[in-house]
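Student: everything below, folded, please.
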Amino acid sequence: MGDDHMTNHTIGVTGATGALGGRVAARIARLGLAQRLVVRDINRAPEYPGSSAVMAAYEDTVGFERACRGVDTLFLVSATESEDRMDVHLSAVDGAVRAGVARIVYLSFLGAGPAATFTFARTHFYTEAHIRSTGVPYTFLRPSLYLDLLPAWVGGDGVVRGPAGDGRVAWVSRDDVADVATAVLTDPVTALGSENTTYDVTGPEALSLGATVDKLGTLTGRSVRYVPETWEEALESRRPSGAPEWAVEGWASSYAAIAAGELDEVAPTVPKLTGHPAQSIEGFLRRHPSALSHVAV
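Tutor: This next block holds a predicted model:
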């Protein structure tokens, strides 16, 4: 796999209108490489030199196959959480394989497994298993919880509530995940070395929620604290949102996965593949100084 191959082949990017896929598409565009953006709404597709856009839904196997024809490497961003997410993923994978895609780079989740505490991580595991079963070369990116979403864990009262116990998590920024994905998709040496490989993608340090909120409070001057919940308390506190039970359990189980130690990992992937250190909470808040503006001082 030489430079000419990487220059002439087409990269397919799903989720290009979203937070992660959009970052990856922008980075590929800056490199001047050909890419096809597979989107649900063609009117929202970004426009870049050397890129084209095609509309297809994951659950439409035939349409997704058509959208992926001529794509060499596909970046498959996981679908929005739903009760039928597994079927949606399998449909997209089958469409890509039928189209002749030569490699799938799938955005999974840290600790994906059939018995993962975080219920959504189980879907990722079965998606990975299906991709493996096709025989198509793959790269799985398993990011930790997103640092970008951490502010949303803090209520307007400055409290983070959940059954995370004293477990730890290495929050990772979307920018770092996008940089890793771009390297895997576009750099010839990295692409070759990542075939049939799984990468855990994390931030630079693992912190308990107590330590996390202490940092947030110190760095922003806001009053932030962590209040542990039991599993049942977590479910009851989230049910008034009106969300379906599978979603409520998914939210609560992300905290429970922290308590179980399943996210207590610091991986060297970001510096190894991107050449820069992984973004810390301090670095994130320097870039986003108003991240906790919804919290009272």
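
Student: and the helices in the stretch 151-297 of the chain?
Tutor: All helices of the stretch 151-297 of the chain, identified by DSSP state H, counting those that start in this stretch, fall at 174-186, 188-193, 209-220, 231-238, 245-259, 269-274, 281-287.

Student: so which elements touch the fifth one?
Tutor: In terms of contact count using 3 or more Cβ pairs under 8 Å, 6 or more residues apart in numbering; DSSP states H and E, helix 245-259 is assigned the packing partners helix 119-134, strand 159-162, helix 231-238. In short, each C-beta sits where N, CA and C put it, glycine included.

Student: my guess is Ala92 contacts Leu76, does it?
Tutor: Yes - using Cβ atoms under 8 Å, Ala92 makes contact with Leu76 at a distance of 6.4 Å.

Student: shared neighbours of those two, anything?
Tutor: With contacts defined as Cβ atoms under 8 Å, 6 or more residues apart in numbering, the residues shared by Ala92 and Leu76 are Thr14.

Student: so the two - more neighbours on which side?
Tutor: With neighbours defined as other Cβ atoms under 10 Å, Ala92 and Leu76 compare such that Ala92 has more, 30 against 26.

Student: for whatever helix or strand that one lives in, buried residues please.
Tutor: Using DSSP states H and E, Ala92 sits within helix 85-99. For helix 85-99, burial by neighbour count (16 or more other Cβ atoms under 10 Å) applies to 85-86, 88-99.

Student: next secondary structure element downstream of that helix?
Tutor: Assigned by DSSP H and E, the successor of helix 85-99 is strand 103-107.

Student: now flag whichever of the buried residues of helix 85-99 is closest to Tyr146.
Tutor: For the buried residues of helix 85-99, the minimum distance to Tyr146 (Cβ to Cβ) is 17.7 Å, reached by Arg85.

Student: pLDDT value on that closest one, please?
Tutor: Arg85 is assigned a predicted lDDT (pLDDT) of 94.

Student: try Ala191
Tutor: As predicted, Ala191 sits at a pLDDT of 86.

Student: so it touches Thr197, yeah?
Tutor: No - if you go by Cβ under 8 Å, Ala191 and Thr197 don't touch, sitting 10.4 Å apart.

Student: mind checking which of these two has more residues around it?
Tutor: Ala191 (21 against 12).

Student: any weak-confidence spans in this protein?
Tutor: The chain contains residues with pLDDT under 70 at 1-8.

Student: mind redoing it with 50?
Tutor: For the chain, the stretches flagged by pLDDT under 50 are 1-5.

Student: still on that earlier bit, which one of the helices and strands packed on helix 245-259 lies closest to His294?
Tutor: Distance to His294, taken as Cβ to Cβ, is lowest for strand 159-162 among these, at 12.3 Å.

Student: what packs against that closest one?
Tutor: Identification of packing neighbours for strand 159-162 by 3+ Cβ pairs under 8 Å, 6+ apart yields helix 209-220, strand 225-228, helix 231-238, helix 245-259.

Student: highest mean neighbour count out of these?
Tutor: Highest mean neighbour count among these (mean count of other Cβ atoms under 10 Å): helix 245-259, with a mean of 21.

Student: centre of the chain to that one, how far?
Tutor: 17 Å (Cα atoms, centre = their mean, to the nearest Å).

Student: so it versus helix 209-220, what angle?
Tutor: 90 degrees (axes from the mean of the first three to the mean of the last three Cα atoms, to 10 degrees).

Student: who's in contact with helix 245-259?
Tutor: Residues contacting helix 245-259 (Cβ under 8 Å, 6+ apart): 81, 83, 111, 116-121, 145, 162-169, 209, 229, 231, 234-235, 238-239, 241, 243, 263-264.
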